[in-house]
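# Have a look at this prediction, sequence included:
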Amino acid sequence: MASVDQTQTKAAPTGVSAAAATCKVDAIVYTRTTECETVQATVRVLDSRVVVGTAVFVISHEMTLNKKSLKWSEAMRVSKAPIVGKAGGIRMGVSVSCGSPCKASSHVPGHNLRTAFSGKVDYSDGAKKNKTHSSTANYSFSFTKPGYTLGGFSYSSLNFRCDDASWNAANTRRLVRPGCVFPMSTLPEIANNIRQIQSKGGHYGRPGSGHPLHRLTDDKKAAANRRAVCGKAKPPAGKSCHEYPFARTHEGGTALPAASRGIAMVPETEQDKQGGRIIGFYKQERLVNKDGFWVAV
């Protein structure tokens, strides 16, 4: 059977630049309002599972959010692909979406991989009064060639957050215009784990659309919570098992349904920093047993 196959690679966020994000291949570089994401992709033409052609190219995204508007745009560019073997005649299609109430309008045309091309994506978010909304841009790429079956791949942008949450105490006057940013974190892998878990199930701890977490002061129960979800984990060298909701909450361990909790292997340095921050937060805010709180990432 003849088909068009593909592979693609994308690295995790690599840090924050001082001004505008500067593109780096196979990396995401970002600031509070700009993101530059590049992906190197390889499309392979298969005939009876044998590779008979390849095309390699780079996809670049430059997204610029607006702190004072729920509308923003993104520039997308695709490099010319050197054609090897029977990879000639491959066309690429692009579709872009983002989670409701975010809307994406793509102006990126389909094209032949032999040529470079560029396009634009316009976004708008419908964050409501006193609400925040987090989402990602989701990119789907499809590849066609006459006489061959369809192939494709997809990936996402960094998480961005839009809000209309700055109103006066009487809730009658907006203090700051609604807008959007990329949440910044010095614990990126922990933040990513929390964000993914908050996006599903009961959205526990997520401000604006979920249920709060509640402090747990019983050290023995906290230890039992951690054993319940991380006890059998075998982190690789330099990694530690991170659980969310946190062990030191009444929602920790297996208290919640599986869809509302999870673990990830994160750097030990991040885990150590988070532990200190949580304890410091409890003390600073004078949270006692069963006091509720939110986790913004």
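Sure, I can see it.
# got any ranges where the protein has weak pLDDT?
Per-residue confidence for the chain (pLDDT under 70) gives these ranges: 1-28, 184-186, 208-209.
# Going by residue numbers, what spans are helices in it?
With DSSP state H applied, the chain shows helices at 188-198, 219-230, 268-284, listed in chain order.
# Dump these into JSON lines; add mean neighbour count and distance to residue 145 as well.
Placement of C-beta: from N, CA and C, glycine included. Conversion of these to JSON lines gives the following (neighbours: other C-beta atoms under 10 Å; distance: least, C-beta to C-beta, whole Å):
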{"stretch": "helix 188-198", "mean neighbour count": "20", "distance to residue 145": "35"}
{"stretch": "helix 219-230", "mean neighbour count": "15", "distance to residue 145": "47"}
{"stretch": "helix 268-284", "mean neighbour count": "13", "distance to residue 145": "44"}
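# Next, format those helices as CSV and append distance to residue 158.
Output for these, formatted as CSV (distance: least, C-beta to C-beta, whole Å):
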stretch, distance to residue 158
helix 188-198, 9
helix 219-230, 27
helix 268-284, 17
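# closest one to residue 77 among these?
For those, proximity to residue 77 was assessed by C-beta to C-beta; helix 188-198 is nearest, at 25.5 Å.
# hmm, who's touching the closest one?
With C-beta atoms under 8 Å, 6 or more residues apart in numbering as the contact definition, helix 188-198 has outside contacts at 12-13, 134, 159, 183, 185, 204-206, 210, 242, 244-245, 260-264, 266-267, 270-271, 274, 295, 297.
# Over to stretch 167-186?
When contacts are taken as C-beta under 8 Å, 6+ apart, the neighbours of stretch 167-186 outside the stretch itself are 16, 30-35, 65-70, 72, 125, 127, 129-130, 134, 158-164, 166, 191, 273, 296-297.
# now those residues: which count as buried?
With neighbours counted by 16 or more other C-beta atoms under 10 Å, the contacts of stretch 167-186 contain buried members at 30-31, 33-35, 65-66, 70, 72, 125, 127, 134, 158-164, 191, 297.
# Okay, and which of those residues map to strands?
Per DSSP state E, strands hold the following members of the buried ones among the contacts of stretch 167-186: 30, 34, 35, 72, 125, 134, 160, 161, 162, 163.
# In CSV: those residues, plus distance to residue 253.
Formatted as CSV, the entries for those read as follows, by distance: C-beta to C-beta, whole Å:
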residue, distance to residue 253
30, 34
34, 39
35, 35
72, 40
125, 35
134, 25
160, 31
161, 28
162, 33
163, 31
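# now, which of those residues sits nearest residue 222?
Checking those one by one against residue 222 (C-beta to C-beta), the nearest turns out to be residue 134, at 27.7 Å.
# any idea how far the closest residue to the closest one other than its chain neighbours lies from residue 65?
Of all residues not flanking residue 134 in the chain, residue 161 sits nearest, at 4.7 Å (C-beta to C-beta, 6 or more residues apart in numbering). To residue 65, residue 161 is 9 Å away according to C-beta to C-beta, to the nearest Å.
# got it, and residue 282?
The separation that residue 282 has from residue 65, given C-beta to C-beta, amounts to 32 Å.
# For residue 74, which residues are in contact?
With C-beta under 8 Å, 6+ apart as the criterion, the residues that contact residue 74 are 61, 62, 63, 64, 120, 121, 123, 137.
# quick one, strands of the stretch 51-200 of the chain?
Counting by DSSP state E, counting those that start in this stretch, the segments of the stretch 51-200 of the chain that form strands are 71-78, 83-85, 91-98, 102-107, 111-112, 117-125, 132-135, 137-144, 151-156, 160-163, 179-181.
# Residue 230: which of these is closest?
Distances from residue 230 to each of those were compared using C-beta to C-beta; the shortest belongs to strand 132-135, at 25.7 Å.
# Can you name every helix or strand that that closest one contacts?
Contact partners of strand 132-135 among helices and strands, from 3 or more C-beta pairs under 8 Å, 6 or more residues apart in numbering; DSSP states H and E: strand 160-163.
# Understood, closing this out.
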